[in-house]
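A.B. asks: here is a sequence together with a model predicted from it:
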Amino acid sequence: MPKGPSLAGRAVLAIVLMIGFYALALTIAVGLAAIPIAEVVFAGRIHIKVAAMCLIGSVLILVSVMPKPDRFDPPGPELTPERHPRLFAELQRIADATGQAMPVEVYALPEVNAWVAQRGGIMGFFSRRVMGLGIPLMQSLTVGEFKAGLAHEFGHFHGGDTKLGPWIYKTRRAIGDTVVNLHQAGSTVLRLPFEIYGNVFLRITHAISRAQEYAADRLAATTVGAEPLCSGLRKAGGTAGAFGGFLDSELGPAFDGGYRPPMVEGFAAFLSSEAVAQAMDEMIEDQMAAGTTDPFDTHPPLPERIAAVDGVAGPAPLPGDEEPSISLFEPAALAGMELDLIHAMTGDASLIVGLKAATWADLGSRLYVPRWRDQAAKLASADSHGTTLAGLPDFLSSPASLAAQIRGKDASSAPVEAVWTASPSRAERQPQALRSSRTRSSSG
């Protein structure tokens, strides 16, 4: 594990950086406000335009850096011990093993992720412990790998990271708001010191974040074991890519066609595909071949995290650790929260209102076969132009001709490259409901 500052050192450094930013902001804001006053006192006159610019800049800075209450919107359906006793039994065991209190709230997430945080209050004060558990992630992990992931998350509580987090996050946000507001006001000169400080702040606090990840990994390795931790870390990267593919190629088209098949069941079938498993292995290999750490990364590269816990002694696996971690949920309760998960993913209940419930088997006859027939009918129009099977190679050698017959005569006037090779961007290919969810989640 790379050496880094202790918890006390990280805390002191983060607080010094935060104080430094607010001191810089207040100094500039007060200095700007003092300029027109000094002009009146010492020169007996005032330039209205200069005074207005100074006062506007001062107000923009003060408004940008003012601490704001932390509004917490539930990221998914809340999980309770009454409905998920096996899951909460494992949570309690890991909490006890790491010497930590249980989170006050635990939420199911429609994403390949797991996290802990202190939410609510102002700047971390009067906040509560919150945990999020990604259902797609749990579908790919064993119970042992999941427990190692839980121990990692409780490691952030153990290290005090979630107490530092709100301070660092709020300061990052204040710096960003200040830069954006001054940019919109057209003040390049005032924006420059905040941009410089912001880059330094990000580099240092992201280095602190990486040190926190190493510390949480080490606690997980000693609490549960290095092997399940490393195996789970590898799987997480591949599962993230697989879930994106599932949304784009399976669930999204079903939504766009007016149907709502079971998401959890569908992703389980998707993961069982040999082609998907091979693609996931390739993604993991790419991550293992990753280069050195970028200064602005909040997490270390996968190879470095695995190397850091190599040889760390941990307990032996327990009976049941090889079972799928999704089995920790009661089946009826898991099925019951499916709509809430989809709502959390799309961010807008109206996007899924009116979708017809359907099984994945139903989609073959209801959605895909009609689409294939429609496409076949369009392709059949080539026969009216006298194309035979023997002449098919020559026919296919003319992309513009083929495109014109499939898409209509208007396509024949477009450049060949535009008709034959142009493809929409990834965002444009995503179904509307899921496109909205990605936009929403990326702004968080």
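C.D. replies: Thanks, I have it.
A.B. asks: going by C-alpha atoms from here, please, whenever you check contacts or count neighbours.
C.D. replies: OK.
A.B. asks: can you check the pLDDT for Gln184?
C.D. replies: In this model, Gln184 is scored at 90, pLDDT.
A.B. asks: what do you get for Thr421?
C.D. replies: pLDDT for Thr421: 33.
A.B. asks: same deal with the one 10 residues further on?
C.D. replies: Turning to Pro431, the model gives it a pLDDT of 45.
A.B. asks: for Val116, helix, strand, or coil?
C.D. replies: Following DSSP: H, G, I helix; E, B strand; the rest coil, Val116 is assigned to strand.
A.B. asks: how many other residues sit next to Glu330?
C.D. replies: By other C-alpha atoms under 10 Å, the residues close to Glu330 number 15.
A.B. asks: look up phi and psi at it.
C.D. replies: For Glu330, the backbone dihedrals are phi -70, psi 130 (criterion: degrees, to the nearest 10).
A.B. asks: for it, give me its contacts.
C.D. replies: Applying C-alpha atoms under 8 Å, 6 or more residues apart in numbering, we find Glu330 in contact with 83-84.
A.B. asks: likewise for the one 5 residues further on?
C.D. replies: Applying C-alpha under 8 Å, 6+ apart to Ala335 gives no contacts.
A.B. asks: look at it and report its pLDDT.
C.D. replies: At Ala335, the model reports a pLDDT of 87.
A.B. asks: what comes up buried for the helix or strand harbouring it?
C.D. replies: Here Ala335 sits within helix 331-336, counting by DSSP states H and E. Neighbour-count burial for helix 331-336, counted by 16 or more other C-alpha atoms under 10 Å, picks out Leu334.
A.B. asks: grab the CA positions of that helix and hand them over as CSV.
C.D. replies: Extracted as CSV, the C-alpha positions of helix 331-336 are listed here (Å, rounded to 0.1, in the frame of the first residue of the first chain):
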residue,chain,number,x,y,z
PRO,A,331,-37.3,-12.8,-3.8
ALA,A,332,-40.8,-11.3,-3.3
ALA,A,333,-39.3,-8.1,-1.8
LEU,A,334,-36.8,-7.8,-4.7
ALA,A,335,-39.6,-8.1,-7.3
GLY,A,336,-41.7,-5.6,-5.3
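A.B. asks: can you name the next helix or strand after it?
C.D. replies: Later in the chain than helix 331-336, the nearest helix or strand by DSSP H and E is helix 338-346.
A.B. asks: low-confidence bits of the stretch 251-400 of the chain, can you list those?
C.D. replies: For the stretch 251-400 of the chain, the stretches flagged by pLDDT under 70 are 291, 379-392, 395-396, 398-400.
A.B. asks: run through the helices of it in chain order.
C.D. replies: Here the stretch 251-400 of the chain has its helices, by DSSP state H, counting those that start in this stretch, at 252-256, 263-271, 274-288, 302-308, 331-336, 338-346, 360-363, 369-380, 392-396, 399-407.
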